[in-house]
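Trainee: Using only what follows, build the 3D model:
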Amino acid sequence: MRILLTNDDGIAARGLTCLANSLQELGDVWIVAPDREQSAASHALTLHDPLRVTQHGKQRFSVSGTPTDCVLLAVRGIGGVLEHRPDLVVAGINHGPNMGDDVTYSGTVAAAFEGRLLGLPAVAFSNVTWKSEFLDASARVAKQVVTMMLRQGLPRELLLNVNIPDLAFEQIRGFKITALGRRVYRDEIVSKVDPRGRAYYWIGGDPPVWEPEETSDFGAVSTGHVSITPLNTNWTDHAALQTLRSWDVESAWQPAVRPEG
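Mentor: Down below sits the predicted model:
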């Protein structure tokens, strides 16, 4: 089995190396990751600049683009990155949480999302602390999740988002299947003026917190459990379709009026 690894923290990130070492027993590991940090890149593609691929050793490459670029180049077999199509896409281990509403910003989750759109089983892993002490333990957890996922299989449109508490392996209390939580936003826009009198801005603020829901991803990691959240690549809200179909859309439609003459 050929496993494609990527991340949004960059090719030099320790979480990526720990994950690669852990998954080597499961298959042929290839790394294709951004050449620099791409946190919060979300599902961006690089369309206005050329992409360059650099080899750093056997089966280890960096790309001058986003996590999504990395997966697309690798899976499509462009530039000799992978000799054959991978069987699985694994993103991470991210340095910091990817829970709740924040998955919409995450380059790590987006990489797994891209893999699933390309028809491959995919999973994203995050360690919920930005200054992680137990990435080796998180990598052991990741190996267990990947093994379970391969054994059970995934529906076609499903990918997994996994958040792991930063604990010694012996302290982790097991797995919980969770829903996305709700983040309490405390972002601030910091305004400054440069030496030439032009305004510039930083998006900052206090670290994120989440609403205390027991069945959420945040609820799981706060009690020392590994959170496994299923995500769907089809964003259609099927439950809402019936409600919207009851709207009187025909009378609401106002066609363009053609000018006379």
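
Trainee: CA atoms for contacts and neighbours, from now on please.
Mentor: OK.

Trainee: low pLDDT regions in the stretch 101-250 of the chain?
Mentor: Low-confidence segments of the stretch 101-250 of the chain, defined by pLDDT under 70: 185-187, 204-208, 210.

Trainee: Which parts of it are strands?
Mentor: Along the stretch 101-250 of the chain, the stretches classed as strands by DSSP state E, counting those that start in this stretch are 122-127, 158-164, 175-177, 183-184, 187-193, 199-205, 209-210, 226-232.

Trainee: Name the nearest residue to Arg173, sequence neighbours excluded.
Mentor: His225 (5.0 Å; CA to CA, 6 or more residues apart in numbering).

Trainee: quick one: contacts for the one you found?
Mentor: Listed by CA atoms under 8 Å, 6 or more residues apart in numbering, the contact set of His225 reads 164-165, 172-176.

Trainee: and if you look at Trp30?
Mentor: Counting by CA under 8 Å, 6+ apart, the residues that Trp30 touches are 2-5, 59-60, 82.

Trainee: Bridge partners for it, pull those for me.
Mentor: Beta bridges link Trp30 to Leu4 when assigned by DSSP bridges.

Trainee: Then Glu188?
Mentor: Beta-bridge partners, per DSSP bridges, of Glu188: Gly204.

Trainee: What spatial separation is found between it and Ser39?
Mentor: Distance of Glu188 to Ser39, given as CA to CA, to the nearest Å: 18 Å.

Trainee: of the two, who's got more company?
Mentor: Ser39 (19 against 11; other CA atoms under 10 Å).

Trainee: Now do the same for the host helix or strand of Val89: mean pLDDT, whole number.
Mentor: Using DSSP states H and E, Val89 sits in strand 88-95. Strand 88-95 carries an average pLDDT of 96.

Trainee: Other residues contacting it?
Mentor: For strand 88-95, using CA under 8 Å, 6+ apart, the contacting residues are 2-9, 15-16, 18-19, 108-109, 111-112, 115, 120-132, 135, 138-139.

Trainee: Among those residues, name the buried ones.
Mentor: 2-9, 15-16, 18-19, 108-109, 111-112, 115, 120-129, 132, 135, 138-139 (16 or more other CA atoms under 10 Å).

Trainee: Now do the lengthiest helix in the chain against strand 158-164, angle only.
Mentor: Counting by DSSP state H, the longest helix found in the chain is helix 135-152. Counting by axes from the mean of the first three to the mean of the last three CA atoms, to 10 degrees, helix 135-152 lies at 150 degrees to strand 158-164.

Trainee: Report the angle between helix 135-152 and strand 122-127.
Mentor: Going by the same axes, to 10 degrees, helix 135-152 makes 160 degrees with strand 122-127.

Trainee: What helices and strands are in contact with helix 135-152?
Mentor: Using 3 or more CA pairs under 8 Å, 6 or more residues apart in numbering; DSSP states H and E, the elements in contact with helix 135-152 are helix 14-23, strand 88-95, strand 122-127.

Trainee: can I get these in TSV with distance to Pro195?
Mentor: Formatted as TSV, the helices and strands packed on helix 135-152 follow (distance: least, CA to CA, whole Å):
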stretch	distance to Pro195
helix 14-23	37
strand 88-95	34
strand 122-127	39
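
Trainee: who wins for proximity to Gln144 among the ones you listed?
Mentor: helix 14-23 (9.5 Å; CA to CA).
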